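Trainee: Pasting a predicted model and its sequence here:
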Amino acid sequence: MAAGSAAKGALHLINWGKKIIPATADEIAEFGPNAARVKGLLRLVPDVSSDAHRLSSQARQAYLQTPKGKFSGVDLEKYVNTFGDEKRLQQMEQAMFAGDSWLPSVNDAVGAESISDIIIPRAGTDKFMDMIRPLATGRRFDMTVPNAPEGFTNIARSFGERGLVQSPKDIELARRVSMLPPDMQQVYFNLLGENTDPAQLLQALRLMGQ
């Protein structure tokens, strides 16, 4: 029961579309029991901007540089081979093929959605989120752009190039930095060093400006 509740909760953490359309029997046979969410993600991918894809890839690389990422990486086949069967492996691969993407962040997310009922109870919600978070980060960027200040995109790009983007919360931080006056933005990036916490630095600058 606990595992089932965790799986159900995790599936609501990432919203790939305004409405999840139920899967047909053929789609379930092709992509597995989570075909509806796989479909929702696949519908989203063609509309993801080039900046969002770049940030997704940078978020994935940043995660793989962390101790957790170096240790466990992103190995979907390990979970389906250990806890699933040949049929689920085939369904996962078909879902990834349907994504028709050379981008690892897309493949990771589609594959993870396909076998989320295996990953979450066996490896935990955190591992599922590790696999989906990079693409979700790019989606957060695209959702933020329409109502963000003019400098937001350049700041998000700078964060990504500096390896400071791992999750949607880092995109939100970029938006908050873009709301600073231009001179304070310059001060922010002048002070942003390798061992500086980006969120704490923003908080410190805001306190100084009061």
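Mentor: In hand now; what should we look at? This one's a predicted model, so the numbers in the text were calculated from it and none came from an experiment. Numbers count the residues shown, from 1 in each chain.

Trainee: Tell me, how many residues neighbour Asp126?
Mentor: 11 (other CB atoms under 10 Å). Yep, even glycine has a C-beta here, placed from its N, CA and C like the rest.

Trainee: so which helix or strand takes in the most centrally placed residue in the chain?
Mentor: For the chain, the residue nearest the mean C-alpha position is Arg133 (2.3 Å; CA atoms, centre = their mean). Using DSSP states H and E, the element containing Arg133 is helix 125-144.

Trainee: swap in Ser158?
Mentor: Going by DSSP H and E, Ser158 is in helix 152-161.

Trainee: which other residues reach the next helix or strand after that helix?
Mentor: Counting by DSSP H and E, the next helix or strand C-terminal to helix 152-161 is helix 168-178. Residues outside helix 168-178 that contact it (CB atoms under 8 Å, 6 or more residues apart in numbering) are 55, 59, 133, 136-137, 139-141, 144, 148-152, 155-156, 159, 164-165, 185, 188, 198-199, 202.

Trainee: Now do the contacts for the residue lying closest to Glu93 once chain neighbours are set aside.
Mentor: Closest residue in space to Glu93, ignoring its immediate chain neighbours: Gly111 at 8.0 Å, by CB to CB, 6 or more residues apart in numbering. With contacts defined as CB under 8 Å, 6+ apart, Gly111 is in contact with 76, 92-93, 95-96, 131.

Trainee: Which single one of the residues you listed is nearest to Gly40?
Mentor: When those are compared for distance to Gly40 (CB to CB), Ala95 wins out at 11.8 Å.

Trainee: ok, for that closest one, nearest residue in space, not its chain neighbours?
Mentor: Ser114 (4.1 Å).

Trainee: Wait, the one you found touches Gly32, no?
Mentor: Yes - the pair Ser114 / Gly32 is scored as a contact, 5.0 Å apart, by CB atoms under 8 Å.

Trainee: helices or strands up against the helix holding Ser158?
Mentor: helix 50-65, helix 168-178 (3 or more CB pairs under 8 Å, 6 or more residues apart in numbering; DSSP states H and E).

Trainee: I'd like those laid out as TSV, including mean pLDDT, mean neighbour count and distance to Ala23.
Mentor: Formatted as TSV, the helices and strands packed on helix 152-161 follow (pLDDT from 0 to 100; neighbours: other CB atoms under 10 Å; distance: least, CB to CB, whole Å):
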stretch	mean pLDDT	mean neighbour count	distance to Ala23
helix 50-65	95	21	25
helix 168-178	97	20	26
